Every structure is written in C-alpha cells, then in structure tokens.
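[1] sequence first, then the predicted structure:
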Amino acid sequence: MQAVHPSKPLKPLRGIRILSLALNIPGPMALVRLAAMGARCSKIEPPAGDPMRHYNAAAYDDMHSRVKVLQADLRTENGQKLLERQLARTDVLLTSFRPSGLAKLGLGWKPLQKRHPALCQVAIVGAHGARAEQPGHDLTYMAENDQVTGLNLPPTLYADMGGSLMASEAVLQVVLQRQRSGKGVFVEVALASASAYLGLPRNWGMTLPTGAVGGAHAGYRMYPCMDGRVAVAALEPHFAAGLCQLAGVATSDLKSMFAAATHEAVARCFASRTCAELDALGQSRDIPIHTLKEASP
C-alpha cells in the first residue's frame, strides 16, 4: 500500500480538464478540491463576475487561486462560441443552474452529449426531481433538515460545503465510469441531499438533547470554566473513566454518565478551574478537552 504524506498529496485527476459554470460556494469549493487532486480547472463567469467576489473578496480569491477564470455572456453568440471551444477540450463540465436554465443555454444533458459524446457533466442543483426548479439556498436546506436553532444562523454553510464535497466526489465517479465505458456520464448533486446527509446523526437522535452526543452524556458537552468554556468529548469508556476520576465520580459506566449527579460533578470540576489548568489536565490524564478562553474586556 502506498503511503500518503501530507505534503505530497496524490494527484488522481492529473491531466483531467474541468470547466465550471458554477457560482457562489459549492462549485468553486469543489474546484478547490479538484485542483488539489491535480485537475486543470477553468471557469466561465458572467460579465458581472461571480457574486462571491462582492460578498467576500478574500474568500473568492482563496477559491480561485488555482483556477483559470474567463468571462462571457453565454446568452450571446460570442459567449456560446467561447463555451463550445472550451467544451471541446473539457473532460467534465460543472454547473449550478436549474434544469430550465441549462436548457436555455443548450446545456441539457441530451443535446450536450450529442455534441460532445465523451464529455461528462456534474450538475449541482438545490434538490432532486421537480424541486430542482424551486428557489432555495444553503439556509433553507439546513432549515428543512433541522439544522437551524431558533433565530440563530448556523456557524457555517453546511449544505453548500457538503454539496461541494459531493460534487468533487461525483467528478471522481464520472471520470472512473468514463474510463470503463468510453462515454460521457451525467451526475446530479443536490444541496438538499448534502444537508440531509450531514443531518443524519440528528435524524437518528444522536445530537438531540436526549442523545449521547447532544448533551445527555456528561462526558460529551460544553461546560463553563473560570475564564471561558470547555468542550469535553470523553465518550469512549476509557475517556469517561478518566473524566470521572478527575471529577470525583465513583463510577463511569454508561448509565452513570447520563445521571444528573455526574453532570453536576463534572460541571463543578470545570467551573473551579481555568482554561490553562484544564488544558494541562487534559494532556496529563489523556482526556479529550478543548478550552475556549473568554476575550479580555
């Protein structure tokens, strides 16, 4: 088995040419991963550019550092000519339009395959089937998968980032399939499905308040400490035993880890110590702990 060194990643897509028409987050983040795997990545943006450049220029620059960016209005004859020239030398086309939008640009799968039989396409949509024409965004897909708490926005863009992972995986799939068949392959990736996949632990009840990783287990939750907060992830029996020994709890069997008395003992233990003390204890006692110190006023 070949060893993988972090500084020398594998390049399974070396020589593969990717053309993207996808804007905002999922498509560009997929290109980041595809370029890291050795693909030659190009992108055609509308004359106004990718909206992400206006939302967050630094993020846009990070996502396009290894991408050749062209500009064209694909609704015009000149834009279509540029697109066809690029497609003629492309292995995989990455899109993020609704199906009706692809059809208007002549990029529906059947006509596209007829013009370019060896071309593969990965189409990022909001949702599969009839819902692919409905408006939606990262936040709405997270909301439908119970990933939004109250009126607070989630800390990151789970559907978009998960969708980018699925899109890069889909590129690997179509390239491998084309190697076997010699024909272009179409795969659709839905952001709603990406959000649903990331939300499976919640659907299983694991991250609900009554779940083992939702706060019901005394060894897997957040606690306040003297000068901040501490995340403890002592879920496995040997970690739970170390935590209970630190907190002065007599037993660390699974039932006791869900008991109110254990929660209270661990809370007292952490509340009486600083972040620095807890970091040191986590290292010396082999307990998975990460502290978050409060900013100085």
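    Looks like it came in fine. Numbers count the residues shown, from 1 in each chain.
[2] centroid-wise, who is the farthest residue in this structure?
    Ala250 (40.7 Å; Cα atoms, centre = their mean).
[3] next, that residue: secondary structure please.
    Look at Ala250: counting by DSSP: H, G, I helix; E, B strand; the rest coil, its state is coil.
[4] what helix or strand is the residue nearest to it when sequence neighbours are not counted located in?
    Spatial nearest neighbour of Ala250, chain neighbours left out: Cys244 (7.6 Å); criterion: Cβ to Cβ, 6 or more residues apart in numbering. C-beta here means a position set from N, CA and C on the backbone, and glycine is covered the same way. Per DSSP states H and E, Cys244 falls inside helix 237-247.
[5] give me the residues contacting that helix.
    Residues outside helix 237-247 that contact it (Cβ atoms under 8 Å, 6 or more residues apart in numbering): 218-219, 232-234, 249-252, 254, 256-257, 262, 265-266, 268-269, 281, 285-288.
[6] and what of stretch 70-86?
    So stretch 70-86 is in contact with 19, 21, 42-47, 49, 104-106, 115, going by Cβ under 8 Å, 6+ apart.
[7] swap the cut-off to 7 Å and go again
    Leu19, Ser42, Lys43, Ile44, Glu45, Pro46, Pro47, Leu105 (Cβ atoms under 7 Å, 6 or more residues apart in numbering).
[8] need these in TSV with neighbour count, can you?
    Output for these, formatted as TSV (neighbours: other Cβ atoms under 10 Å):
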residue	neighbour count
Leu19	23
Ser42	17
Lys43	23
Ile44	19
Glu45	18
Pro46	15
Pro47	9
Leu105	16
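[9] how about those residues, which pair is most distant?
    Spatial extent of the contacts of stretch 70-86 (Cβ to Cβ) is set by the pair Leu19 and Pro47 at 17.7 Å.
[10] ok, back up a step: and the following helix or strand past the helix holding Cys244, what's buried?
    Once helix 237-247 ends, the next helix or strand along the chain (criterion: DSSP H and E) is helix 254-257. Across helix 254-257, burial judged by 16 or more other Cβ atoms under 10 Å covers Met257.
[11] so which elements touch helix 254-257?
    Here helix 254-257 touches no other helix or strand, going by 3 or more Cβ pairs under 7 Å, 6 or more residues apart in numbering; DSSP states H and E.
[12] now do it, average pLDDT.
    The average of the pLDDT scores along helix 254-257 is 96.
[13] run the chain-centre distance for that helix.
    33 Å (Cα atoms, centre = their mean, to the nearest Å).
[14] beyond that helix, next helix or strand please.
    Following helix 254-257 toward the C-terminus (DSSP H and E): helix 260-271.
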